[in-house]
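S.K.: Starting from these lines, generate the structure:
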Amino acid sequence: MIPTGEAPGRKLAVFVIIWFGQVISSLGSAITSFAFGVWLFERHRSITEFGVYSFCSVVPLVVVSPFVGPLVDRWNRRTAMLVANTVAAAASFALWLLFVSEHLRPWHVFAVAAINAAMRGLQWPAYSASTTVLVPEEHYGRAAGMISVGEGISQIAAPLAAGALLGVMPLGTLVLLDGTSFLVAIVTLLAVRIPHPVSKERAGGGETFLRRMSFGWRYLRARPGLLTLQLFLTAVNLTENLVVVLIAPLVLSFADRATLGRVLTVGGLGVLSGAVAMSLWGGPRRRVRSVLVLFAIRAGVLFLAALRFDAVLIAGAAFVFLACMQLGIGTLQSVWLKKVPPAMQGRVFALRQMIATSMVPVAYLIAGPLADRIFEPLMAADGLLAASAGRWLGVGPGRGIALLFVVLGALNLALIAAASLLPRLVNVETELPDASADDPPTAAISAPQPSRV
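M.R.: Next up is the predicted model:
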């Protein structure tokens with residue numbers, strides 16, 4: 001076992017080892033998730049089954065987040081990640097046994113997707129909160145970038161790898177590889193130690209579990225700058241997920257599936273490029289203001305994507321959109337790492353996870369009705385906006401989605417303009433002092449003194 005000791009270099013080595021195991025695990029899960037989505041759809045061509053699978057892959061994460069935050073802060077972060085990866089591995093191997101025994105049914109897949117989503121809800125706050133005890137403060141941005149690199153690798157490689165592997169090996173073998181990828185993550189965790197942050201809160205004790213569940217909300221409510229920042233990111237996250245859901249029908253309205261695959265690959269490269277840039281650069285010094293600029297660029301490219309039927313233009317817009325999003329998220333993650341005490345990050349980050357991820361099913365639910373029932377009819381050849389907006393964007397299939405992209409871009413620019421006028425949000429880096437490992441439990445309900453930096 002590799003001890004962390006006090007040497008920063010040794011702690012960084014531990015972080016890299018953990019990061020490697022989590023990347024392998026995430027890649028295995030992403031490949032299997034893609035493969036099962038194909039399997040479910042091809043069985044009966046049922047969009048409903050595919051929708052249920054998507055629902056089960058997201059909603060449990062939202063549900064468990066308030067419960068896992070107190071556990072992450074009370075347990076050692078390594079223990080929390082070991083539990084998450086072990087349960088997920090057991091679920092994958094159970095799915096493999098059902099497959100090879102020819103007893104696999106869709107509801108088994110839904111159940112395992114829900115279990116894995118719940119375990120991601122436990123794993124992510126523990127993984128994120130480990131950063132502050134393993135990485136020096138000046139490298140928070142780079143660490144956030146490395147974590148995003150792992151997500152980018154999964155997003156790009158999983159569809160390509162799954163498509164190639166499904167042609168040469170049975171689905172059961174992919175499930176077995178997924179279970180093995182969790183074992184890699186478990187081995188890397190067993191090989192290291194993660195120091196547990198000690199705070200005066202632990203000495204005080206005495207809080208009920210329900211009160212500890214509400215800690216994240218009380219902590220943010222006492223810090224309006226952080227709360228406003230999270231609400232801003234939640235609104236931005238809704239827009240991002242709407243775009244991600246609608247880009248496929250937009251491209252397929254004028255091109256084939258091969259073209260869509262190329263567009264999505266270029267978008268995935270944007271995610272990876274933004275993450276790599278963040279891991280090498282570490283982020284700007286004036287983080288919040290820089291993120292507002294990045295998100296304004298991100299909003300602007302939505303107008304470009306809507307201009308005309310052009311796969312190259314849409315792919316370029318997707319690249320810039322997702323690269324800016326990744327740079328912005330990585331930059332702001334370093335703000336959260338600096339402002340929330342290590343011993344409290346499990347609860348606060350679990351709340352952040354719940355709020356942000358709740359936008360995914362919302363986007364799934366509203367994207368279709370918005371496009372099919374409102375915007376597409378408006379931009380049909382005989383639609384209400386055919387003679388006005390249609391002169392600029394064109395009319396016919398897909399042009400309603402293009403108009404929706406324009407609306408989303410305009411709403412984002414308005415949101416960014418409003419955010420730039422909020423001093424608590426823009427100045428959160430300087431007004432809110434950096435967190436201390438010794439912050440007492442009353443920090444959750446008492447407003448901190450402004451920093452003099």
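S.K.: could you check the distance from Ile314 over to Val251?
M.R.: 6 Å (C-beta to C-beta, to the nearest Å). In short, each C-beta sits where N, CA and C put it, glycine included.
S.K.: Which neighbouring residues are in contact with the residue nearest the centre of the chain, exactly?
M.R.: By C-alpha atoms, centre = their mean, the mean C-alpha position of the chain lies nearest to Thr357, the distance being 7.3 Å. Neighbouring residues of Thr357 by C-beta atoms under 8 Å, 6 or more residues apart in numbering: 58, 61-62, 65.
S.K.: can you rerun that using 7 Å?
M.R.: 58, 61-62 (C-beta atoms under 7 Å, 6 or more residues apart in numbering).
S.K.: Got the phi and psi for Val192?
M.R.: phi -130, psi 170 (degrees, to the nearest 10).
S.K.: which ones are touching Ser29?
M.R.: Neighbouring residues of Ser29 by C-beta under 7 Å, 6+ apart: 116, 178.
S.K.: Just the element for the nearest residue to Arg212 once chain neighbours are set aside, please.
M.R.: Leaving aside its sequence neighbours, Arg212 sits nearest to Pro70 (C-beta to C-beta, 6 or more residues apart in numbering; 3.9 Å). Here Pro70, judged by DSSP states H and E, is contained in helix 59-74.
S.K.: neighbouring contacts of that helix?
M.R.: Contact with helix 59-74 is made by 80, 114, 117-118, 120-122, 125-126, 129, 209, 212-213, 216, 343-344, 346-347, 350-351, 353-354, 357-358, 361, as judged by C-beta under 7 Å, 6+ apart.
S.K.: Buried members of the residues you listed into PyMOL, please.
M.R.: The PyMOL command for the buried members of the contacts of helix 59-74 (criterion: 16 or more other C-beta atoms under 10 Å) is given here:
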select buried, resi 80+114+117+118+120+121+122+125+126+129+212+213+216+343+344+346+347+350+351+353+354+357+358
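S.K.: Now, the contacts of helix 59-74 that are in helices?
M.R.: Within these, membership in helices is found for 80, 114, 117-118, 120-122, 125-126, 129, 209, 212-213, 216, 346-347, 350-351, 353-354, 357, 361, as judged by DSSP state H.
S.K.: How far does stretch 292-306 sit from its chain's centre?
M.R.: 20 Å (C-alpha atoms, centre = their mean, to the nearest Å).
S.K.: what is the rounded mean pLDDT of that stretch?
M.R.: Averaged across stretch 292-306, the pLDDT comes to 94.
S.K.: now swap in stretch 420-440 and tell me
M.R.: For stretch 420-440, the mean confidence score works out to 80.
S.K.: again, but for stretch 254-264
M.R.: Here the average pLDDT along stretch 254-264 is 80.
S.K.: Any buried residues in it, and which?
M.R.: For stretch 254-264, a neighbour-count test (16+ other C-beta under 10 Å) marks 254-255, 259-260, 263-264 as buried.
S.K.: now, which of those residues lie within helices?
M.R.: 259-260, 263-264.
S.K.: from those, which is closest to His196?
M.R.: His196 has its nearest neighbour among these in Leu264, at 40.7 Å by C-beta to C-beta.
S.K.: how close does the closest one sit to Leu242?
M.R.: Distance of Leu264 to Leu242, computed by C-beta to C-beta: 16 Å.
S.K.: and if you look at Leu98?
M.R.: In terms of C-beta to C-beta, Leu98 sits 35 Å off from Leu242.
S.K.: Same check on Ser358?
M.R.: In terms of C-beta to C-beta, Ser358 sits 14 Å off from Leu242.
S.K.: what do you get for Ile329?
M.R.: Distance from Ile329 to Leu242, by C-beta to C-beta: 17 Å.
S.K.: Which residue of these two possesses the greater neighbour count?
M.R.: Ile329 (24 against 21; other C-beta atoms under 10 Å).
S.K.: Got the phi and psi for that one?
M.R.: phi -60, psi -40.
S.K.: Please apply the same query to Arg308.
M.R.: Main-chain dihedrals, Arg308, degrees, to the nearest 10: phi -160, psi 170.
S.K.: Where does His196 sit: helix, strand or coil?
M.R.: Assigned state for His196: coil (three-state reduction, DSSP: H, G, I helix; E, B strand; the rest coil).
S.K.: Burial check on it, number of neighbours?
M.R.: Neighbours around His196, by other C-beta under 10 Å: 16.
S.K.: Excluding chain neighbours, what is closest to it?
M.R.: Per C-beta to C-beta, 6+ apart, closest to His196 is Asn76, 4.7 Å.
S.K.: tally of neighbours for the nearest residue to Leu422 once chain neighbours are set aside?
M.R.: Residue nearest to Leu422 in three dimensions, not counting chain neighbours: Thr228, with 5.9 Å by C-beta to C-beta, 6+ apart. By the measure other C-beta under 10 Å, the count of residues near Thr228 is 18.
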